[in-house]
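Colleague: Provide a 3D model corresponding to the input given below.
(one chain, ligands or ions: 1)
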Amino acid sequence: MDKRPESMARINTPALAQAFIAEQIEAIRAQVGDKRVLLALSGGVDSSVVAALLIRAIGKQLVCVHVNHGLLRKGEPEQVVQVFRHEMGAELIYVDAVDRFLDKLSGVADPERKRKIIGKEFIDVFAEEAKKLSGIAFLAQGTIYPDILESVGLKSHHNVGGLPEDLQFELVEPVKYLYKDEVRQVGLALGLPESMVYRQPFPGPGLGVRCVGAITRDRLEAVRESDAILREEFAKNGLQGKVWQYFTIVPDFTSTGICDGKRTDAWPVVIRAVNSVDATSATIEEIPYALLHHITARITSEVKGVNRVLYDLTPKAPATIEWE
Ligand code: XMP
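Modeller: Purely as a prediction, here's the structure:
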């Protein structure tokens, strides 16, 4: 196993983060010389920190590819473009692959097949973009130390397979010895926005596993809009950064409701808010009832196709954190 050097101090102050950044800039420059480096930039904490570090080290020699698969949260693709292209001046290729992913997923209800399709399609889109570029010699990755420790961890287990054989690059993994809290320290020291650095864990297949069963565009929008309301209310009420993971789910069934004196037939939105240390078990956050009432009123009035809001009270185990 690739082991973290014992002499490496825990990065827990801005000064230590700055020292790490200076050291890594030298190491990256020495490794890549004048060659180009490719990075799949999802906007998650790890790939964002790697992007910011590489921009400092090698500027436009870094090419970031952001694939919008249509399963990202509201505002995320826009934030990636704004922060990396406009504020940090990165070379960023934005790929709108929404139709392509949703067409491939159309009618597919099995959770594992959904994950496989999303993973494979992601690799295909990324590989197509990589083939259009010339002079790429390195692939940067946001591998962090827990990924190495759990070599069958989530990233390798659930998400990305490998690139095709004709597209193999030498790896650049500048944060591979860091724990998550250290990656966050480095992200802050690099000037990334707090909303990016303190993001809650988000699965690779994104909102796809929260739009239960076969994904439809209208139900996916209901997931995205209700999630945005939940996040906004958690932020306003001091729960952001305090609760480990919180999101909404829209199951693929409807129930009867009433609106303006007429019967409705619409989806429920399920709220899930859990606390955990490493995702192997989870407990329920005790959200104040008043806040639950307020979120329910907002979701039922603002989200199309929804007439009911439920709060999932089940810990892990017996439930998992995600619904599929
Ligand atoms: P479960 O639902 O198994 O989730 O209790 C545990 C943690 O893993 C996340 N998760 C995933 N992450 N790809 C990922 O990158 C996936 O396919 C996936 N499925 C679940 C989940 O959000 C939670 O943090």
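Colleague: Below-threshold pLDDT in the stretch 51-200 of the chain: ranges please.
Modeller: Flagging of the stretch 51-200 of the chain using pLDDT under 70 yields the residue ranges 152-161.
Colleague: residue ranges of the strands in it, please?
Modeller: Here the stretch 51-200 of the chain has its strands, by DSSP state E, counting those that start in this stretch, at 62-68, 91-96, 136-140, 170-172.
Colleague: The ligand is nearest to which of the ones you listed?
Modeller: Each of the strands of the stretch 51-200 of the chain has some distance to the ligand by CB to the nearest ligand atom; the shortest is strand 62-68, at 14.7 Å. Where you see a C-beta, it was placed from the backbone N, CA and C, and this is true even at glycine.
Colleague: helices and strands around the closest one, which ones?
Modeller: strand 36-40, helix 45-58, helix 76-80, strand 91-96, helix 111-132 (3 or more CB pairs under 8 Å, 6 or more residues apart in numbering; DSSP states H and E).
Colleague: in the longest one, what counts as buried?
Modeller: When neighbours are counted by 16 or more other CB atoms under 10 Å, the buried residues of helix 111-132 are found to be 111, 114-115, 117-119, 121-123, 125-126, 129-130.
Colleague: same deal with the fourth one?
Modeller: Neighbour-count burial for strand 91-96, with 16+ other CB under 10 Å as criterion, is recorded at 91-95.
Colleague: Give me the neighbour count for Asn275.
Modeller: For Asn275, the neighbour count with other CB atoms under 10 Å is 16.
Colleague: Contacts only, for it.
Modeller: Asn275 makes contact with 243-244, 282-285 under the criterion CB atoms under 8 Å, 6 or more residues apart in numbering.
Colleague: Identify the spatial nearest neighbour of it, chain neighbours not counted.
Modeller: Closest residue to Asn275 apart from its sequence neighbours, by CB to CB, 6 or more residues apart in numbering: Trp244 at 4.7 Å.
Colleague: and what of Met1?
Modeller: Met1 sits nearest to Ile148 (CB to CB, 6+ apart), 6.5 Å away.
Colleague: before we move on, what about Leu220?
Modeller: Closest residue to Leu220 apart from its sequence neighbours, by CB to CB, 6+ apart: Cys211 at 4.8 Å.
Colleague: how near is the one you found to Ala228?
Modeller: Separation of Cys211 from Ala228 (CB to CB, to the nearest Å): 14 Å.
Colleague: Looking at the two, which is more packed in?
Modeller: Cys211 (28 against 16).
Colleague: and the more buried one, what does it touch?
Modeller: So Cys211 contacts 219-220, 223, 250 (CB under 8 Å, 6+ apart).
Colleague: Okay, Pro203 and Asp46: tell me how far apart.
Modeller: Shown here: Pro203 relative to Asp46, a distance of 14 Å by CB to CB.
Colleague: pull the longest strand from the protein.
Modeller: strand 262-275 (DSSP state E).
Colleague: touching the ligand at all, that one?
Modeller: No. Judged by CB under 6 Å from any ligand atom, strand 262-275 makes no contact with the ligand; its nearest approach is 8.6 Å.
Colleague: For that strand, output the C-alpha coordinates as CSV.
Modeller: Output in CSV follows, covering the C-alpha atoms of strand 262-275 (Å, rounded to 0.1, in the frame of the first residue of the first chain):
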residue,chain,number,x,y,z
LYS,A,262,-59.6,19.8,-7.0
ARG,A,263,-58.2,16.3,-6.5
THR,A,264,-54.5,16.0,-7.3
ASP,A,265,-52.5,12.9,-8.1
ALA,A,266,-48.9,13.8,-7.3
TRP,A,267,-45.5,12.5,-5.9
PRO,A,268,-44.4,12.7,-2.3
VAL,A,269,-41.0,14.2,-1.5
VAL,A,270,-39.1,12.4,1.3
ILE,A,271,-36.6,14.4,3.4
ARG,A,272,-33.6,12.5,4.7
ALA,A,273,-31.1,14.1,7.2
VAL,A,274,-28.5,11.9,8.8
ASN,A,275,-25.4,12.1,10.9
